[in-house]
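J.: After the sequence you'll find the predicted model.
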Amino acid sequence: MKKILIYREQLFDLYTNKKLTTFQIADKLGCCQATVWKRLRQFGIRSRLPGTARVNITKNQLEQLYLKQKLSTWRIEKKLNIPRSTIHRKLKEFSVPTRDISDSHIIYQKKNFSGNLLEKAYLIGFRIGDLGVRKQGPNSKTIVVATGSTIKEQIALVNRLFESYGHIWIKEAKYHKINIYVILNQSFDFLLSKEFPAWVETDKSLFFAFLAGFSDAEGTISIFDKRAYYSLGNYDGNLLKLIYCNLNRFGINCKKPTRDNRKGKLNSQGYPYRSNYWSLHVHKKQDLLRLLQELKHYIKHKNKLQSLNSAIVNIQNRNKIFGENGSKPATNQEN
C-alpha cells in the first residue's frame, strides 16, 4: 500500500485556517480519519474546541434531516460539512428527540412493503425456494435477503422484485456465479420464516401466486419428447405434499410426490446429502393445461414464462390432433 505523506504546514492550513473537519481532510488527502487525528497529535496542532467551526443550522433544518429524512449524523456531517460532535450537541441544544440505535444506524433509505397479499404470497413462495433471509443483527430492524445463481435471468428477477423497496448489491463470484444482496426494512419480516403460509390455502388466487413464486425458484416447465411437462423438486417433502393436496383440491389432479433416497450418498462434489429429495409432477395434459393457465397470471421469471407459453401451445396443438381426452390409436397413449 502506498504511504500517504502529510506535511505539518498542509495539515495546519486545512484544519486550523480553513476549519475543515477531520473527515473532510481525510477525504481530501486520501487517508482515514484516524490517520488525520494521529498526525494532528504528532505535529502538536491543537484541536479545536467544540463549536469553534462555523455552524449554520436551524432546528427546523435539523429536524427535517434527522427526523423526517432519517439521515444518520454521519450523513448529515457529510451533507452540511459540520462535525458530527457538533450535530450531536445541536440535537441536544434544540431538544430534538434522538432515534434508537437501530434507527440511527440506517444508512440506506428503505420503503415499506406494499401490503398486497398476492405479491406477499408470491414472495414467500420464491423465498422458500431460493432466498436466504436473515436479520442484520438480533435487535436490528434491517432484513437481509441474499441468493446466488449462474443464471442471469434469476438475478434479474430478484433485482426486479425488490428494487423499489431497498438497496441492492450485485457481485460476481467464482465459477460464473452472481451473488445478489438486498437490504430491506422490517416490514419484510414475513420473509424470515420458511414455513408454508396456511393463509394462502384460503383463496385460490393466493395459492397459485405462492406456487408461481415457488415454481420460479424450484420448478421446471419444459417440453420433452414432444410433450409439455411441469415438475417441482425440493428437499422438503412435507411442503410438496401440501402443494399436492391443494392442487387436487383446486381441481388439478396429480400423483403424490415421490422420494429419491439420496440421504447419506455423495454428491458430485464429494459431500453427503443431508436429506432425501422429493419431486412432484403433473403429467396429464388437461390437468397440466389448467395448472399452466393458473400460473400464467403470476409467473415472473422471464425464461419460465416463455417455457410456460410454449407448453400451453404444445398442449393446445396436441388437443387439435388427438382431442382433449383422445389418444394415439395404438399403444402409445397421449394422456
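T.: Now that the structure is in, tell me what you want to look at. Numbers count the residues shown, from 1 in each chain.
J.: which element is residue 88 on?
T.: helix 84-93 (DSSP states H and E).
J.: Give me the packing partners of that helix, helices and strands only.
T.: helix 59-63, helix 73-80 (3 or more CB pairs under 8 Å, 6 or more residues apart in numbering; DSSP states H and E). For every residue, glycine as well, the C-beta is placed using N, CA and C.
J.: Low-confidence bits of the chain, can you list those?
T.: Scanning the chain for pLDDT under 70 picks out the ranges 1-3, 48-56, 99-109, 326-335.
J.: can you list the domain ranges for it.
T.: Here the chain is described, according to automatic domain parsing, as comprising the domains 8-104, 117-191, 198-322.
J.: closest to residue 110 out of those?
T.: domain 117-191 (4.0 Å; CB to CB).
J.: that older thread, I'd like the domains of the chain as JSON lines, with distance to residue 111 appended.
T.: Formatted as JSON lines, the domains of the chain follow (distance: least, CB to CB, whole Å):
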{"stretch": "domain 8-104", "distance to residue 111": "12"}
{"stretch": "domain 117-191", "distance to residue 111": "5"}
{"stretch": "domain 198-322", "distance to residue 111": "19"}
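J.: would you list these in a markdown table and tack on mean neighbour count and distance to residue 110?
T.: Formatted as a markdown table, the domains of the chain follow (neighbours: other CB atoms under 10 Å; distance: least, CB to CB, whole Å):
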| stretch | mean neighbour count | distance to residue 110 |
| --- | --- | --- |
| domain 8-104 | 15 | 10 |
| domain 117-191 | 17 | 4 |
| domain 198-322 | 17 | 21 |
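J.: ranges for the helices of the stretch 1-150 of the chain?
T.: 8-12, 22-29, 33-42, 59-63, 73-80, 84-93, 101-104, 117-130 (DSSP state H, counting those that start in this stretch).
J.: Need the ones you listed in CSV (columns: distance to residue 250).
T.: Shown next, in CSV, are the helices of the stretch 1-150 of the chain (distance: least, CB to CB, whole Å):
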stretch, distance to residue 250
helix 8-12, 73
helix 22-29, 60
helix 33-42, 61
helix 59-63, 53
helix 73-80, 50
helix 84-93, 57
helix 101-104, 42
helix 117-130, 14
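J.: Please, where are all the strands along the stretch 201-335 of the chain?
T.: Ranges of strands in the stretch 201-335 of the chain, per DSSP state E, counting those that start in this stretch, are 219-224, 227-234, 258-260, 277-282.
J.: in terms of contact, does residue 131 touch residue 149 like I think?
T.: No: judged on CB atoms under 8 Å, residue 131 makes no contact with residue 149 at a distance of 10.9 Å.
J.: got the helices and strands packed on helix 84-93 as JSON lines, with distance to residue 30 columns?
T.: JSON lines is the format used below for the helices and strands packed on helix 84-93 (distance: least, CB to CB, whole Å):
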{"stretch": "helix 59-63", "distance to residue 30": "30"}
{"stretch": "helix 73-80", "distance to residue 30": "16"}
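J.: Mind checking the ones you listed for the one nearest to residue 10?
T.: Using CB to CB, the helices and strands packed on helix 84-93 put helix 73-80 closest to residue 10, at 21.8 Å.
J.: starting at the chain centroid, how far to the closest one?
T.: Distance, stretch centre to chain centre, for helix 73-80: 28 Å (CA atoms, centre = their mean, to the nearest Å).
J.: if I look at the closest residue in space to residue 87 that isn't next to it in sequence, how far off is residue 143?
T.: Of all residues not flanking residue 87 in the chain, residue 73 sits nearest, at 4.8 Å (CB to CB, 6 or more residues apart in numbering). Going from residue 73 to residue 143 by CB to CB, to the nearest Å gives 23 Å.
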